[in-house]
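Asker: pasted the sequence and its predicted model underneath.
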Amino acid sequence: MRALLILFAALMLMGQRDPVLVPEVSQHDVQVRQGFTGTELLLFGAVLDPAGRAGQDYDIVVVLKGPAEPIRLREKERFAGVWVNADSNDFRSVPSYFAVASSRPISDIVDDKTAAIYEFGTRYIQLSPSGSIDPQEQLRFALGLVDLKRRQGLYKEDFGGVQISEGVLYQARISLPSNVTTGTYSAETFAVTRGRVIASAVAEVEVRKVGFERFVEVSANEWGLAYGLIAVLISVLMGWGAGRLFARL
Amino acid sequence: MDVYLPIANLSVNGLWIVALGALTGVLSGLFGVGGGFLTTPLLIFYGIPPTVAAASASTQVTGASVSGVIAHGKRKGVDYRMGAVMVGGGIIGAAFGALLFRFFRSIGQIDVVINALYVVLLGSIGILMARESLQLLRRTGTAKQAARRRHHPLVANLPWRWRFYGSGLYISPLAPLIVGIVVGILTMLMGVGGGFILVPAMLYILGMSANVVVGTSLFNILFVTIATTIMHSLTTRAVDIVLVGLLLIGSVTGAQFGSQLAVKAKPEVLRLVLAAIVLLIAFRMFLGLFYQPDEIYTVYPL
């Protein structure tokens, strides 16, 4: 029903010359509360060409990115038989989450340069490294970071994950694991034809903690002493309570 | 049963966490160790971020030791005077340990230091305890135990003696104070209660009578972990109250069973079992230092 509405809206806009991309996300507000085990987002929409070439060779690429954070990545090395931290490298903008899905393998859609510009793939993420100047070394660190995040389920690629029907409607399912960082996520959709990005659009998804989970996080950060005292109190009371209970038995 | 942990930022199977709490609870009641040396590595292995694991484990140990202290206190198994002196030392040590922690963190070697400490301490203590309890076990059958040196000669040389009735000792309070300081430093550095160091130190250095060792050790752990929890809440903000609650459900019940078992079992056998557990963990950590780690790269937020 929603898709039909969007299609209708898109048809209204057909007067323009450029192709029109109308994206939508199944959920703009992901609420992290008790029992949250991750969720699945459906990114869908329509792409329409004013020249009436709908149904022809479009490819769709969607990129979902979480809020970026600066990090230091340390690398372990063997020193006298023992594994110790040796080199480190700083990255100024590491997305906490990164997922890309496309209708066909990226190498069939665009060339490397275009893929790098639009970050079509985990190896093209712009991490803004600083510190080491040697590009070889930076690449090694970047690959290590991406591999680590991928195994944590936070970085993923799904080439072929976008379905296009009738050459107009597209949809892709992207799952968010439970260990996602809260914040504003951006879902970018790109329409590509003959190796060129001809239209793009962005939708935002807000991931936030609500209710008790939010209260706990805020308390821990704002009222550290009170939070610590309450934690101790809970501990002591539970321990004491169990002691009393078992003494009666 | 899926439970979302608001500070650790991930969802876990609540039943596993309760089971883990129960396991450490039994250990804590049985041996007078907090169980932190087991909880922290297992939580990290489960996927909980290391700081959250260490901070929450110390809070959980508080709860486990309360019920232990009560259980042991009822049968006069706590020397409160000795415990108070050690707690004093423990708080001084914790503050000093926090400084060391910051130093090793700034040079990026904190995890290596922690692992090496685990190996050296657990390894040497485990061997010491195993040898001692094996000798005791062998001797019991043949003849009456030979008169054993009560405490380390160095302890006897310290000035200004106090009477510690519960422990049956007449020694300088400086000795337990120094033990307390050392344990406090290690508590902060390793994220453990320090019971596995305290118990042997009380037995072999201070020469306390075995029936108050477990209770007094738990008494010390109780206050040192309270201080650690508060320090974590103020600095790392990594105490996850939901995780703590789950661990506690298991550990407070486990601790009760543990302390009931402790009364029935032979102390020499108990010590041998504890020695075996300690050696096993030390060996695992030792391998970890030399084998290629699963993760070559570690992320530190800036």
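Answerer: Cool, the structure landed.
Asker: state which helix of chain A is the longest.
Answerer: Identified as the longest helix of chain A according to DSSP state H is helix A:224-248.
Asker: what's the average pLDDT for it?
Answerer: Computed over helix A:224-248, the mean pLDDT rounds to 86.
Asker: contacts for it?
Answerer: A:219-220, B:59-60, B:62-68, B:70-71, B:74, B:226, B:229-230, B:232-234, B:237, B:239, B:241, B:244-245, B:248-249, B:252-253, B:255-256 (C-beta atoms under 8 Å, 6 or more residues apart in numbering or on different chains). Backbone N, C-alpha and C define where each C-beta goes, glycine included.
Asker: buried ones in it?
Answerer: Along helix A:224-248, these residues count as buried under the neighbour rule (16 or more other C-beta atoms under 10 Å in any protein chain shown): A:224, A:227-228, A:231-232, A:234-236, A:238-240, A:242-243, A:246.
Asker: just stretch A:123-130 next, same as before
Answerer: Buried residues in stretch A:123-130, counted by 16+ other C-beta under 10 Å: A:124, A:125, A:127, A:129.
Asker: any chance of the buried residues of helix A:224-248 in a markdown table with distance to residue A:57 as columns?
Answerer: As requested, the buried residues of helix A:224-248 are arranged in a markdown table below (distance: C-beta to C-beta, whole Å):
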| residue | distance to residue A:57 |
| --- | --- |
| A:224 | 58 |
| A:227 | 57 |
| A:228 | 61 |
| A:231 | 59 |
| A:232 | 65 |
| A:234 | 62 |
| A:235 | 63 |
| A:236 | 68 |
| A:238 | 64 |
| A:239 | 68 |
| A:240 | 71 |
| A:242 | 68 |
| A:243 | 73 |
| A:246 | 73 |
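Asker: can I assume residue B:18 sits in a helix?
Answerer: Yes: secondary structure of residue B:18 (DSSP: H, G, I helix; E, B strand; the rest coil): part of a helix.
Asker: element containing the closest residue to it other than its chain neighbours, please.
Answerer: Beyond its immediate neighbours in the sequence, the residue positioned closest to residue B:18 (C-beta to C-beta, 6 or more residues apart in numbering or on different chains) is residue B:250, lying 4.2 Å away. Secondary structure assignment for residue B:250, by DSSP states H and E: helix B:241-264.
Asker: and that helix, what does it pack against?
Answerer: Packing partners of helix B:241-264 (3 or more C-beta pairs under 8 Å, 6 or more residues apart in numbering or on different chains; DSSP states H and E): helix A:211-222, helix A:224-248, strand B:2-5, helix B:14-31, helix B:50-74.
Asker: swap the cut-off to 7 Å and go again
Answerer: Counting contacts by 3 or more C-beta pairs under 7 Å, 6 or more residues apart in numbering or on different chains; DSSP states H and E, the secondary-structure elements packed against helix B:241-264 are helix A:224-248, strand B:2-5, helix B:14-31, helix B:50-74.
Asker: quick one: which of those is nearest residue A:99?
Answerer: strand B:2-5 (20.9 Å; C-beta to C-beta).
Asker: in that closest one, what's buried?
Answerer: Judged by neighbour count (16+ other C-beta under 10 Å), strand B:2-5 contains these buried residues: B:3, B:4, B:5.
Asker: so is stretch A:202-220 next to chain B?
Answerer: Yes: counting by C-beta under 7 Å from any C-beta of the partner chain, contacts between stretch A:202-220 and chain B involve A:209, A:213, A:216, A:217, A:220.
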